[in-house]
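J.: missing the sequence, but the structure's below:
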């Protein structure tokens, strides 16, 4: 299947695995790229030295295939300058930036021959990213896991508006975990999809097994956007979340919430498997995922489901033309 | 086009106009039904006498066509007993219930020969509605305008889960305003769509012209879910909303919020056009709608866009089979 996304990244399927903190190491990224998608490393939870190691291992795992991979970098990352220089020195082929001003680093990355995508949560920021010179846009809706936009625009409302705002290759993210979801997002105007939750719960994700097993038992409504006075983040409603929700309901200040959050809670929850006190970042669509599967099976299932959904839609066409 | 929804309601297009307070009077409902969709009257903002009058006028407007119409009834409505009896006495063909327990009235309505649909915001409530004996389900996502579910599940995440939970004819609602959105929702598993915002801003909607003109200039992010401690409702961020948001940020109590809300604010905003002090209920997708149009044009546009979207998706199929 060819779309502006498969053409831009030189991949077989228009499917990207998000660069998620504590989930997206070299095992996950290389498995997704090897299966014909685009795997991203999540630099947000790596020191530059660790990132360099994961880049080397991803390269080694993909050496026989010649397939590309990428790195996701949150622009508010404290060691951002060192990371940007590393990506340039390492000649990483593709970089996704998120959570900051794309005007800051896009030029330098592009000059180094890197293909750059930027993650946005509104059409307004998609236009800013295009003006900054990025090659592609990821538009991520309110239902997505982890850090999230302040305007709470859902994927259903967001994609058509970003599509109207820019002609750049466009990935939809948030609430997508199946081939039918993929087709729905592409019907709304996307050229491909970025899946976070689906791949965070893959066998090759570096998340703790206890975190994965909890997430595949979540019901609908078991995640909620929290900490809006700091930076909105979608979390599983565990004990830590409940304390946050109580504090927010009584109007807790930014300072109080910051103290409650403390440091390293996402590592504690996602990577170390502390299900009660950790910050458990996952998307609403987790409740549609009922088992931990290897990436190769997930990719196979996504493309089979996608083809079946296209087939179903095509039949509507025939009936409509008959009528 | 035939789907379980067009078959159940005996309509041409699987498109229903929501029964919205202060918008859905006989002009809007009869225009949608006359154009081949299903028009609903919004009983939530009518005294029983007014509702009887609107039912009579809708019937008169549709007399030549023999086309059906329906009434939406919020089950927490204070005069609910009188309204239910009226619907039975008037032999209204189709009733949509929302915001309450479907077990209460579904049996009585069905015994009177009425086709019943129930609006839910989760798969769990879809199963409850099916157990209560309803004929169809409306699943409405977080992005929808007006009153909304507590679990904040978006249309993208909600529809596949409700589809998996029930085999009943299923309408998707929330974030849908175009034919492409309609196809996306149907790709996710819906058999048709209920559009609120799109028809609230139609020429035939009984909303105040000032309200409509404001809504067609809204940007993305100009609505927000508010009053979650009372009953969550999506509102335009006007002066009244700002006061609510400030009160909520400092942890205002249920009592304080109730006093701030007072009475009749949705009438004041939507029907009387008080844009600063009114409760302005509209969905996120308003920012995709840039003009007030007559229903006949909206219906024509929806079906043309739907066919174009099906055509586009069918081409993906061909390319995928070529490859």
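T.: Yes, it's here. Small disclaimer: the values here were computed from a predicted structure and weren't measured.
J.: Share the number of residues neighbouring the closest residue in space to residue A:121 that isn't next to it in sequence, please.
T.: Once flanking residues are discounted, residue A:121 sits nearest to residue A:149: 2.6 Å by Cβ to Cβ, 6 or more residues apart in numbering or on different chains. All C-beta spots, glycine's among them, are computed from the backbone N, C-alpha and C. Around residue A:149 there are 23 other residues, counting by other Cβ atoms under 10 Å in any protein chain shown.
J.: can you check the one 5 residues further on too?
T.: For residue A:154, the neighbour count with other Cβ under 10 Å is 28.
J.: Let me know the distance separating it from chain B.
T.: In this view, residue A:154 and chain B are 4 Å apart by Cβ to the nearest Cβ, to the nearest Å.
J.: now residue A:71
T.: From residue A:71 over to chain B the distance is 27 Å, taken as Cβ to the nearest Cβ.
J.: try residue A:215
T.: Look at residue A:215 and chain B: by Cβ to the nearest Cβ, they are 14 Å apart.
J.: cool, and residue A:232?
T.: In this view, residue A:232 and chain B are 12 Å apart by Cβ to the nearest Cβ.
J.: Touching, the residue nearest to residue A:121 and residue A:232? I think so.
T.: Yes. Assessed by Cβ atoms under 8 Å, residue A:149 is found in contact with residue A:232 at 7.2 Å.
J.: just to confirm, which helix or strand has the residue nearest to residue A:121 in it?
T.: For residue A:149, there is no helix or strand it lies in under DSSP states H and E.
J.: Now do the same for it: its pLDDT.
T.: With respect to pLDDT, residue A:149 scores 95.
J.: In contact with it, which residues are there?
T.: By Cβ atoms under 8 Å, 6 or more residues apart in numbering or on different chains, the contact list for residue A:149 reads A:120, A:121, A:122, A:140, A:142, A:232.
J.: Have a look at chain A and report its longest helix.
T.: helix A:295-322 (DSSP state H).
J.: Next, count neighbours for residue A:294.
T.: Number of residues near residue A:294 (other Cβ under 10 Å) recorded here: 13.
J.: I'd say it and residue A:205 touch.
T.: No. Residue A:294 is beyond contact range of residue A:205, at 10.4 Å (criterion: Cβ under 8 Å).
J.: so which residue of the stretch 1-150 of chain A comes closest to chain B?
T.: Closest residue of the stretch 1-150 of chain A to chain B, Cβ to the nearest Cβ: residue A:143 (4.4 Å).
J.: and that residue, helix, strand or coil?
T.: Assigned state for residue A:143: coil (three-state reduction, DSSP: H, G, I helix; E, B strand; the rest coil).
J.: quick one: it and residue B:155 touch, right?
T.: No. With contact defined as Cβ under 8 Å, residue A:143 does not reach residue B:155; the gap is 9.1 Å.
J.: tell me, what's touching these two both at once?
T.: Counting by Cβ under 8 Å, 6+ apart, the residues touching both residue A:143 and residue B:155 are A:154, B:142.
J.: how about the strands in chain A?
T.: Counting by DSSP state E, chain A has strands at residues A:15-17, A:38-42, A:70-74, A:94-98, A:115-120, A:136-140, A:146-147, A:170-173, A:192-195, A:223-226, A:233-236.
J.: Now do the domain split for chain A, please.
T.: Domain ranges of chain A: A:4-206, A:209-285, per automatic domain parsing.
J.: now, of the ones you listed, which is deepest in the fold?
T.: When the domains of chain A are scored by mean count of other Cβ atoms under 10 Å in any protein chain shown, the highest mean neighbour count falls to domain A:4-206 (a mean of 23).
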